[in-house]
Structure formats: structure tokens, C-alpha cells
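In: Below are the sequence and a predicted model for it; my questions follow.
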Amino acid sequence: MQTLLFTPMDLRGVHVRNRIVVSPMLTYAAVNGYVQDMHTIHYGKLAYGGAGLVMVESTKADPRGASTPRDLGIWKDDFLPGLTKIADTIKAYGAVAGIQLGHSGRKARRSVPWEGRTPLASHPGLDHGEEWELVAPSEIAHSNGWYMPRALSIDDIETLIEGYGAAVERVKKAGFDVLELHAAHGYLLHQFLSPVANQRTDKYGGSDENRLRFAREVLDRIRQSWPDDKPLFLRVSAVDEAGWLVEDSARVARALKEHGVDVIDCSSGGMTPGGSTVNFGAPAGYGYQAPYAEYVRKHADVMTMAVGLIIHADQAEAILQSGQADLVALGREMLNNPNWPMDAATKLGIDDPYSMVPPLYSFYLQKRMQADFGGRPSTWREGIETESVPSDDAD
């Protein structure tokens, strides 16, 4: 049986074995920006389970842009060995290695989630222990109880843009084949796009066109360094709690696809603390953001990726079959079940569903599937007493 979920696709010159993407999820495990063993284990495990594309978490080209002191960094060459090991591990298990570049802007410098994810009054900087400065488009705090950022100067903006370019050169050296730029969840690029967070009066503020300028210039600089045969994704908050509409996101997608964007990753929310965007007024439920991906895909004529409470195999398949998106991304469900792609293949009736995982898994799982119990045993004891079960003992 063939399904869209397990139909390979080409993104520019990159071949992806299926349409299942591991969404970028912060692990909060880095030390001063450096990769730890946990990262390699974590991303290798997700690739081992059969996903087509594994996206490494938001990695920072500027130490000031880290959400927490435990974010990954790519602002200097010293980070390359660890990032290269992650990319090599992902690819060794048949998945495409992707990475997201992000900057938290005025939402940076917070504690990790299990310590409250609260704004930190101060903290040593992640590079040389310098004071960690908050920067943003305008001198506007995220909300009450959050700390005031410094408004970026034109020179600051130009330096940041070049920093993105230098980071992309490192992404290439590390061996990643897909790149995503984070412009969602109330972070820096989202801040520039939003008239709520961006109240500048220069060429980077005011009109829709001016508020889009920073994203355009970052993308242009990225594309100078990112090869033409490799795809570029853009994560957006398709809608947010501060008045941003899906129509605004479609407008942005139409403009930015001309600057080298291939796929719009449609998330939502994040412009206000604790804000939670819902699906066109309905409570958040399974696949609640998929309609945003559908709208942007239709009205901007660009490929999209759906994300958000995609849990079941038939649900993911239906999103693709109905034309809501070209790819589906799973986050926390992959943490719950790193072998979700393999599990989905069995549930959708894919021929040889274990072929997508390494032989250590596929050989024994195929034997398990072929076990002849004379029909499903009615009790565990009946199964135990059946003599025709092949042994699972390893040599």
C-alpha cells in the first residue's frame, strides 16, 4: 500500500524518504552553547525510528538570542565538532539532517521550563561571561514582569544579519542539508513583523513593507551562503494573540518565497505571555494548526508543513491527502514514541513497515510480526504455550 505519508519527496536537491518531520524542540541540555552527549543520543534515536527529516532545535547565531542558558550555539567555530557529530548521526540512520536558526530577542534570558521559564534579572553571557543584554526591534518589554530590551541600532541589525550568514557557513560545514529560520513564537523575527512589538520609525518599522525588511535581508544573506540545491524553511506564527491574522502570514509567505523560502512551517502564538492561539476560534485539538497550513498553502502558492497535536497515523495521512500541507511535523509525540514512523507504517498497512529502521530492529520485529499464534491468542498463557513462535534470542 502506498500513502502520501510514506511517499518520498525531493526538496530542491535533497531527497527525503517520507513526509514525517521531527519538529525542532529545545532540549535545554547545552553548556555555554556546546553540544553534549545527550544531544547526539536524542537526535540519533529520533532518526533511528524512521523519520524522513530530523530538525535540530533552535540554535543561536548570537549568544544574546538564547532563550535560556542551556540553548545550543552556532555563533563560533568552536561549536562545529559537536554539531557535526549530530548531523552525521542523523544521516547515518537514513534521515535528512536539518537545523533551525533562532534568536529570542526580548524573550531571551529565561530559566529552563522545569525551573519556571521565568525571565532572569541578569545572567552571565554565554560566550565570555559578559553581561547578557536583551535586544529587540523596540524598547518594549514582552509584558509586565519582563525586562526591558535595548532597541537595536541600524549597525546592530547589519551585524546580526551578517551573523546569520556566518552561522549558515557553519551549518554547511557541519553537514546539515535543510535549514529553517525561526520567525514565530514571539521571537526576534516575529517581533520585527509585529506592529505590537515593532514601533520603530526608521526603514525597519512602520509599514508592512518596512516591518518585513529585516526578514527579507536575513533571508537574502542566508541564501548567499546556503546552496541553491538545499531547501530553506521558515517557521511562522500563522496567527497570534496580538492581532496577527492568517491573512497576514499568507502575505508574508508570498513575499518571502521570492527570497528563497521553500516551505512555510505553520505554528501559532507566542506574542503575549501564556498566550495560546486556537484553531479559528475552536479549542486547540488534534491538528489544530493544520488549517493555517492549508490557508497559507492555498493563498501563497507555497509548500507548507503542518505541526501541532498531530498524534495518529491516519490523522497525519488525512492532512496530506486533503491538501492541507506537504509535510507533517511531530514534536512531543516523538518524545513519547521515537519509533512513531515505524508504528505509523504498520497501522497504515505499508508493505515491509520495518524496512525504514536499521537491521537490529527490522530483523527481530519482522520475526515478531510473522509469529504464528494460530490467530491472536486469547490469553497471554495461550500465546506462551504455542510452540510455533520463532525465538527472539540474539546469537
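Out: In hand now; what should we look at?

In: Name the helix or strand of the chain that has the lowest mean pLDDT.
Out: helix 380-384 (a mean of 50; mean pLDDT, DSSP states H and E).

In: Only alpha carbons, please: show the lengthiest helix in the chain as CSV.
Out: With residue count as the measure and DSSP state H as the assignment, the chain has helix 154-174 as its longest helix. Only the C-alpha atoms of helix 154-174 are listed here, as CSV (Å, rounded to 0.1, in the frame of the first residue of the first chain):
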residue,chain,number,x,y,z
ILE,A,154,20.9,50.1,12.3
ASP,A,155,24.5,49.0,12.8
ASP,A,156,23.3,46.3,15.3
ILE,A,157,20.9,45.0,12.7
GLU,A,158,23.5,44.8,10.0
THR,A,159,25.8,42.9,12.3
LEU,A,160,23.1,40.5,13.2
ILE,A,161,22.3,39.9,9.5
GLU,A,162,26.0,39.1,8.9
GLY,A,163,26.0,36.9,11.9
TYR,A,164,23.2,34.8,10.4
GLY,A,165,25.3,34.5,7.2
ALA,A,166,28.4,33.3,9.2
ALA,A,167,26.2,30.8,11.1
VAL,A,168,25.0,29.4,7.8
GLU,A,169,28.6,28.8,6.7
ARG,A,170,28.9,26.7,9.9
VAL,A,171,25.7,24.9,9.2
LYS,A,172,27.2,23.8,5.8
LYS,A,173,30.5,22.7,7.4
ALA,A,174,28.6,20.7,10.0
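
In: Quick check: buried residues in stretch 295-303?
Out: Of the residues in stretch 295-303, those scored as buried under the neighbour-count criterion (16 or more other C-beta atoms under 10 Å) are 295-297, 300, 302-303. Backbone N, C-alpha and C define where each C-beta goes, glycine included.

In: Tell me which of these fall in strands.
Out: With DSSP state E as the criterion, strands contain residue 303 from among the buried residues of stretch 295-303.

In: Specify which member of the buried residues of stretch 295-303 is nearest to residue 79.
Out: The closest of the buried residues of stretch 295-303 to residue 79 turns out to be residue 303 (C-beta to C-beta; 29.9 Å).

In: on that earlier part again, just send the buried residues of stretch 295-303 back as TSV, with pLDDT too.
Out: Below are these laid out as TSV (pLDDT from 0 to 100):
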residue	pLDDT
295	98
296	98
297	98
300	98
302	98
303	98
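
In: between the buried residues of stretch 295-303, which is nearest residue 93?
Out: Proximity to residue 93 was ranked across these by C-beta to C-beta; first place goes to residue 303, at 24.8 Å.

In: So the closest one sits against residue 262, correct?
Out: Yes: in terms of C-beta atoms under 8 Å, residue 303 counts as a neighbour of residue 262; the distance is 6.3 Å.

In: Looking at the longest helix of the chain now, give me its mean pLDDT.
Out: Average pLDDT, helix 154-174: 98.

In: What is that helix packed up against?
Out: Under the contact criterion of 3 or more C-beta pairs under 8 Å, 6 or more residues apart in numbering; DSSP states H and E, helix 154-174 touches helix 80-92, strand 96-102, helix 208-225.
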